[in-house]
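[1] Predicted model and sequence follow; I will ask about them next.
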Amino acid sequence: MPSESAAFFSVNGLAKHFGGIHAVEDLSFTLQRGEILGLIGPNGSGKTTTINMVTGALKPDGGSIEVEGADMAGQPAHLYARCGIARTFQVPRLFRRMTVMENLIVPALSDASERRPTAEERARGVLAFLRLEHLADHYARALSGGQQKLLELGRALMLRPRLLLLDEPFAGVHPRLLDEIVGHIRSLNRDGHTIVLVDHNLDAVRSVVTRVLVMARGRKIADGAVSDVLRNADVVRAYTGTRMGGP
Ligand SMILES: Nc1ncnc2c1ncn2[C@@H]1O[C@H](COP(=O)(O)OP(=O)(O)OP(=O)(O)O)[C@@H](O)[C@H]1O
């Protein structure tokens with residue numbers, strides 16, 4: 001039974017193994033409503049596997065995933081979406097032969113109760129927020145890499161998420177558009193969205209989050225205020241050979 005005091009979102013002892021690879025091991029953390037968390041770590045440290053598990057794309061081998069106190073571990077992706085949990089992918093998963101507007105409407109219409117005119121109206125709102133109105137009738141395949149990232153974000157927003165997990169939203173994005181995406185993330189967080197931000201661009205991550213969780217080899221090695229965590233010797237060691245700043 002969900003308790004009144006339960007965190008909005010929590011994972012406890014989460015684990016995923018691929019053969020002998022311990023992609024995620026004994027991972028625990030909680031998120032309060034409206035919080036924004038940076039999830040960082042070197043390549044292969046288990047960040048995407050974590051996102052996959054907490055959105056229902058992958059079944060954990062162990063541990064719990066609780067949304068408002070109710071255990072969701074092992075539930076299918078559509079039930080996570082129904083709980084208001086949405087994610088973006090490192091490489092945008094767009095319908096390349098559909099227009100920008102159609103790409104936004106499709107996820108909305110997966111909810112049988114929404115009618116097309118309402119979905120279109122919401123999509124226009126999302127396009128205005130992302131400043132992409134002028135591209136509504138363009139094919140997704142004609143967009144630049146950065147615009148595709150924005151549209152990917154827009155598709156997640158069409159699911160009316162309460163928790164938004166962003167997998168490398170800054171990767172491969174032109175610096176000007178990067179600032180714009182940073183602005184959108186800040187504004188979504190200000191509007192009450194709980195956000196988990198995964199990215200290797202630590203300067204950009206630092207500019208939007210106050211708390212950061214660091215993974216290395218599938219395990220959590222630090223979780224706390226950005227300024228403290230990035231001075232932590234274990235974190236510096238985990239990153240040895242990779243840069244601590246932006247790309
Ligand atoms: N489907 C899979 N099958 C086998 N091994 C996998 C699979 N998915 C991930 N792995 C392995 O699990 C480990 C964690 O991978 P994951 O993609 O979660 O790391 P990551 O921190 O997101 O890395 P990156 O920053 O490079 O995206 C890696 O060793 C990876 O090779």
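    Here it is on my side, so go on. Residues are numbered from 1 along each chain as shown.

[2] Quick check: Leu165 is in a helix.
    No - with DSSP: H, G, I helix; E, B strand; the rest coil as the criterion, Leu165 is strand rather than part of a helix.

[3] what's the burial count for it?
    25 (other CB atoms under 10 Å). In short, each C-beta sits where N, CA and C put it, glycine included.

[4] Just confirm it contacts Met53, I think it does.
    No - counting by CB atoms under 8 Å, Leu165 does not reach Met53; the two are 10.7 Å apart.

[5] pLDDT on stretch 176-190, on average?
    Average pLDDT, stretch 176-190: 94.

[6] So in this structure, where's the weakest helix or strand by average pLDDT?
    helix 233-238 (a mean of 80; mean pLDDT, DSSP states H and E).

[7] Enumerate the positions of that one that are buried.
    Val235, Ala238 (16 or more other CB atoms under 10 Å).

[8] Low-confidence ranges, the chain, go.
    1-6, 111-112, 240-247 (pLDDT under 70).

[9] need the residues of the protein near the ligand, please.
    Phe18, Ile21, Ala23, Gly41, Asn43, Gly44, Ser45, Gly46, Lys47, Thr48, Thr49 (CB under 6 Å from any ligand atom).

[10] Backbone dihedrals for the first one, both of them.
    Okay, so that is Phe18. Backbone torsions of Phe18, given as degrees, to the nearest 10, read phi -110, psi 100.

[11] so what's the residue sitting nearest the centre point of the chain closest to, chain neighbours aside?
    Nearest to the geometric centre of the chain sits Leu165, at 1.6 Å (CA atoms, centre = their mean). Spatial nearest neighbour of Leu165, chain neighbours left out: Arg87 (4.1 Å); criterion: CB to CB, 6 or more residues apart in numbering.

[12] And for Lys59?
    Excluding the flanking residues, the one nearest Lys59 by CB to CB, 6+ apart is Gly74, at 5.0 Å.

[13] what's the burial count for that neighbour?
    Gly74 has 13 nearby residues by other CB under 10 Å.
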